[in-house]
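Student: got a sequence here, can you model it:
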Amino acid sequence: GFGISRGEVFFTPQKLNIKEMKGKAGSSAYEASGAMDNYLAWALGQDESMKGRLRAYSPMFNVNEWMVTEETPEETAPAAEAPTEEVPMEVFEVPAGIDMVVDCEVDRAIYDNLNLKDIRGQLILRDQAIDFKQIRFKTLGGSMVMNGRYATPDPAAPDVNFDYQLENVNIGEMWGAIETVQQLAPVGKFVTGRLNSTLHFEGKLGPDMMPDLSTITSVGDLNILNGVVKGMPVLDKVADKIKMPKLASLTLDKLKVLFEVYDGRVRIDEKNPISLPIQNGKMVATGSHGIDNTLDYNMNFDIPAGNVGKQALDAVGGLVNTNLGDRYKVNVGLGGTTFNPKIKYVRTDGGASVKDVMEEKKEELKATVEEKKEEVKEKVEETIDDAKEKARAEADNLLADARKRADQLRAEAKTAADKARAEANRRADEVEASAKNPLEKAAKKKAAQKIRQGGDAAASKIEQEADEKANQLMQEAQKQADDLLK
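Tutor: Okay, the predicted model is just below:
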């Protein structure tokens with residue numbers, strides 16, 4: 001509740017002058033002074049706004065108390081029996097008919113899981129919204145400046161629109177305290193260090209006062225200082241695949257990351273990739289991850305061959321079936337999820353001599369066919385039977401012809417798929433180029449992305465159907481070969 005322990009107030013029906021007021025709001029002590037006009041008309045429900053300006057101070061203010069449903073005395077458990085579990089927050093509806101400026105000073109505040117100190121700034125309550133002006137405070141081992149708006153014209157889904165400046169914030173503390181950071185940047189669990197950041201964030205909140213991530217759009221930058229990443233499943237997976245153990249633990253010092261958030265995904269654009277120095281070369285990463293933790297990233301390595309070691313050269317050379325020369329130029333595609341990543345492909349720069357996961361499965365099939373051929377050959381040599389010799393030859397020819405037709409199917413499918421992707425990219429580029437203003441550019445960027453995604457999906461379907469037909473063809477040929485040799 002709201003209580004007054006001391007006050008010096010002068011009022012008329014039109015104006016309330018507060019020379020001094022002290023008391024408690026819930027468990028939080030406060031001091032206030034200022035003036036309000038039309039306070040009585042507003043309190044009586046008349047169609048007039050209460051206007052004024054206040055100065056407010058609190059040595060400690062618990063915001064969480066004002067974000068939960070109040071219990072009646074009958075519903076409130078005795079203190080000894082009070083539950084210890086966390087009470088979910090609920091929407092704070094900004095009252096209508098208030099036009100108020102509040103200059104705030106708070107020595108300490110508690111909001112959700114955050115402890116804030118030395119808070120200074122200005123709040124403007126107007127049109128069922130709160131505007132935050134130059135709100136400065138210390139938290140998470142660093143400091144922040146916040147400007148923005150919280151609006152409740154629709155109390156079921158408050159609108160938020162904020163700009164933040166973060167300085168020297170502890171990454172581990174931030175990841176542990178803010179659920180939205182955990183959802184948008186799950187890899188933060190594996191990063192230590194500090195960061196500076198500027199970011200814009202807008203969207204809607206849910207009934208628990210947490211962001212509805214499907215509505216969020218954001219753009220910003222992260223500048224990581226004295227950071228270390230270790231134990232991240234994505235890097236562990238890549239390090240093992242290409243035999244580069246140094247990837248499993250990386251130093252991130254003065255690393256700048258530019259990002260966008262829309263349509264439920266955090267995106268690193270090709271124009272502003274993550275670029276990380278490694279072994280006198282660099283690793284460049286682009287792509288996106290979703291609020292569902294799905295990954296779609298590409299990592300490009302360009303390192304002097306002499307710096308990566310023989311094991312890495314042999315491993316990647318075997319995967320792509322080529323000599324890498326004096327530069328270790330390798331592309332790795334990532335899929336799966338944050339905590340269960342999958343390698344989609346490993347290829348040389350430019351895509352030459354690709355052997356992705358599908359190619360590996362094709363090689364396994366080829367090895368199985370060759371193994372069966374050897375088994376048939378051994379039986380023929382053991383029995384020295386002319387009839388089986390002829391059957392073996394026919395079986396070999398049958399399998400060879402099937403392989404030739406299967407390879408042709410896959411080659412034709414790859415050509416068609418490449419054409420589909422190229423056409424989608426061409427159409428997407430035309431859509432983006434037709435934008436005439438920033439708003440249209442943003443909309444057409446999303447439309448172009450959908451066109452590219454559609455082209456990629458169509459191409460993948462072409463390749464998948466061709467592979468299925470090729471596998472069926474080989475299976476039928478193998479059955480016929482087996483029947484010949486019975």
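Student: buried residues in stretch 391-411, which are they?
Tutor: 391-392, 395, 398-399, 402-403, 406, 409-410 (16 or more other Cβ atoms under 10 Å). Backbone N, C-alpha and C define where each C-beta goes, glycine included.
Student: residue 165 touches residue 144, doesn't it?
Tutor: Yes - if you go by Cβ atoms under 8 Å, residue 165 and residue 144 touch, sitting 6.6 Å apart.
Student: got the contact list for residue 223?
Tutor: Listed by Cβ atoms under 8 Å, 6 or more residues apart in numbering, the contact partners of residue 223 are 195-197, 254-257.
Student: likewise residue 228?
Tutor: Under the criterion of Cβ under 8 Å, 6+ apart, the neighbours of residue 228 are 191-193, 249-252.
Student: circling back to that earlier point, tell me which two in the contacts of residue 223 are the farthest apart.
Tutor: Using Cβ to Cβ, the contacts of residue 223 span at most 13.4 Å, a distance reached by 197 and 254.
Student: between those two, tell me which one has more neighbours.
Tutor: Counted by other Cβ atoms under 10 Å, residue 197 and residue 254 do not tie: residue 197 has more neighbours, with 18 against 10.
Student: so what sits opposite that one in the bridge?
Tutor: Here residue 197 sits in beta bridges with residue 166, residue 222, as judged by DSSP bridges.
Student: show me what the helix or strand containing residue 403 is packed up against.
Tutor: Taking DSSP states H and E as the definition, residue 403 sits inside helix 386-433. Under the contact definition 3 or more Cβ pairs under 8 Å, 6 or more residues apart in numbering; DSSP states H and E, helix 386-433 sits against helix 357-383, helix 438-484.
Student: averaged pLDDT, it. What do you get?
Tutor: For helix 386-433, mean pLDDT rounds to 82.
Student: hang on, the earlier thing: of residue 165 and residue 144, who's got more company?
Tutor: It is residue 144, of residue 165 and residue 144, that has more neighbours when counted by other Cβ under 10 Å, with 19 against 14.
Student: surely that one meets residue 163?
Tutor: No - using Cβ under 8 Å, residue 144 is not in contact with residue 163, being 10.8 Å away.
Student: rewinding a little: can you give me the angle the helix holding residue 403 makes with helix 438-484?
Tutor: Orientation note: helix 386-433 sits at an angle of 180 degrees relative to helix 438-484 (axes from the mean of the first three to the mean of the last three Cα atoms, to 10 degrees).
Student: how much distance is there from helix 386-433 to the middle of the chain?
Tutor: Taking Cα atoms, centre = their mean, to the nearest Å, one finds helix 386-433 lying 36 Å from the centre of the chain it belongs to.
Student: quick one, helices of the stretch 1-150 of the chain?
Tutor: With DSSP state H, counting those that start in this stretch as the definition, the stretch 1-150 of the chain shows helices at residue ranges 39-43.
Student: returning to that earlier point: as TSV, the contacts of residue 228 with pLDDT, secondary structure and distance to residue 94 would be great.
Tutor: Putting those into TSV (pLDDT from 0 to 100; DSSP: H, G, I helix; E, B strand; the rest coil; distance: Cβ to Cβ, whole Å) gives the following:
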residue	pLDDT	secondary structure	distance to residue 94
191	91	strand	36
192	91	strand	39
193	92	strand	38
249	86	strand	48
250	87	strand	45
251	86	strand	46
252	87	strand	40
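Student: now, of the residues you listed, which are buried?
Tutor: Buried among the contacts of residue 228 by 16+ other Cβ under 10 Å: 191-193, 250, 252.
Student: export those residues to JSON lines and tack on distance to residue 66?
Tutor: As requested, the buried ones among the contacts of residue 228 are arranged in JSON lines below (distance: Cβ to Cβ, whole Å):
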{"residue": "191", "distance to residue 66": "33"}
{"residue": "192", "distance to residue 66": "34"}
{"residue": "193", "distance to residue 66": "34"}
{"residue": "250", "distance to residue 66": "43"}
{"residue": "252", "distance to residue 66": "39"}
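Student: just the residues you listed now: which is nearest residue 155?
Tutor: Nearest to residue 155 out of the buried ones among the contacts of residue 228 is residue 191 (Cβ to Cβ; 36.8 Å).
Student: residues contacting the closest one?
Tutor: Going by Cβ under 8 Å, 6+ apart, residue 191 touches 171-172, 175, 224, 227-229, 232, 252.
Student: now the helices for the stretch 201-350 of the chain?
Tutor: Secondary structure of the stretch 201-350 of the chain by DSSP H, counting those that start in this stretch: the helices cover 233-242, 305-308, 310-320.
Student: ok, residue 194 touching residue 166?
Tutor: No - applying Cβ under 8 Å as the test, residue 194 and residue 166 come out as separate, 9.6 Å apart.
Student: identify the contacts common to the two.
Tutor: Shared contacts of residue 194 and residue 166 (Cβ under 8 Å, 6+ apart): residue 142.
Student: filter the contacts of residue 223 down to the buried ones.
Tutor: By 16+ other Cβ under 10 Å, the contacts of residue 223 give 195-197, 255, 257 as buried.
Student: pLDDT and distance to residue 282 for the residues you listed - can I get that in CSV?
Tutor: Listed next are the buried ones among the contacts of residue 223 as CSV, based on pLDDT from 0 to 100; distance: Cβ to Cβ, whole Å:
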residue, pLDDT, distance to residue 282
195, 93, 21
196, 93, 22
197, 93, 23
255, 88, 12
257, 90, 15
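Student: re the thing from before, now flag whichever of the buried residues of stretch 391-411 is closest to residue 428.
Tutor: residue 410 (26.4 Å).
Student: so what's that closest one up against?
Tutor: Contacts for residue 410 (Cβ under 8 Å, 6+ apart) come out as 362, 463, 466-467, 470.
Student: residue 339: neighbour count?
Tutor: Using other Cβ under 10 Å, residue 339 has 12 other residues around it.
Student: now it. Nearest residue, chain neighbours left out?
Tutor: Spatially, and ignoring its direct neighbours in sequence, residue 339 is nearest to residue 233 (5.5 Å; Cβ to Cβ, 6 or more residues apart in numbering).
Student: check contacts around the one you found.
Tutor: 338-341.
Student: is residue 455 in contact with residue 419, as I believe?
Tutor: No - in this structure residue 455 lies outside contact range of residue 419 using Cβ under 8 Å: 9.7 Å.
Student: who has more neighbours, the two?
Tutor: Using other Cβ under 10 Å as the criterion, residue 455 and residue 419 rank with residue 455 on top: 21 against 13.
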